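Chemist: Any chance you could fold what I've pasted below:
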Amino acid sequence: MNIDRIIFAFAGLMITASLVLSWVHSPYWMWLAAFVGANLLQSSITGFCPAASVLKAVGVKSGNAF
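Modeler: Residues are numbered from 1 along each chain as shown. Predicted coordinates for the structure are as follows:
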């Protein structure tokens, strides 16, 4: 598994978890989905993703996007 697939899976997991938590617990969990979406948007513009930097530092092989 490369960095790209891990990042996309992690983003999808975080958005799904925030939607479930907002439905079950509190609507304030929607802020997590907004944060993940904003981070995806800024990484598409700048090419910088903090999670990709961490994964690269621990030795996960690179993909095409990061």
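Chemist: What is the least confident helix or strand in this structure?
Modeler: Lowest on mean pLDDT, DSSP states H and E among the helices and strands of the chain sits helix 50-57, with a mean of 91.
Chemist: by contact count, what packs against that helix?
Modeler: Helices and strands touching helix 50-57, by 3 or more C-beta pairs under 8 Å, 6 or more residues apart in numbering; DSSP states H and E, are helix 3-24. Every C-beta, even on glycine, is put in place using the N, C-alpha and C of the backbone.
Chemist: Now the helix it packs on: average pLDDT?
Modeler: For helix 3-24, the mean per-residue pLDDT is 94.
Chemist: got the buried residues for the very next helix or strand once past it?
Modeler: Using DSSP states H and E, the next helix or strand after helix 3-24 towards the C-terminus is helix 30-46. Residues 32-33, 36, 39, 43 are the ones in helix 30-46 that count as buried (16 or more other C-beta atoms under 10 Å).
Chemist: now for helix 30-46, which elements pack on it?
Modeler: With contacts defined as 3+ C-beta pairs under 8 Å, 6+ apart, helix 30-46 has these neighbours: helix 3-24.
Chemist: Now do the same contact list for the residue nearest the centre of the chain.
Modeler: The centroid of the chain falls nearest to residue 11 when counting by C-alpha atoms, centre = their mean (3.1 Å). Contact analysis of residue 11 by C-beta atoms under 8 Å, 6 or more residues apart in numbering lists 36, 39-40.
Chemist: For residue 1, see how far away residue 62 is.
Modeler: 12 Å (C-beta to C-beta, to the nearest Å).
Chemist: got it, and residue 25?
Modeler: Going from residue 25 to residue 1 by C-beta to C-beta gives 31 Å.
Chemist: and what of residue 57?
Modeler: Using C-beta to C-beta, we find residue 57 at a distance of 16 Å from residue 1.
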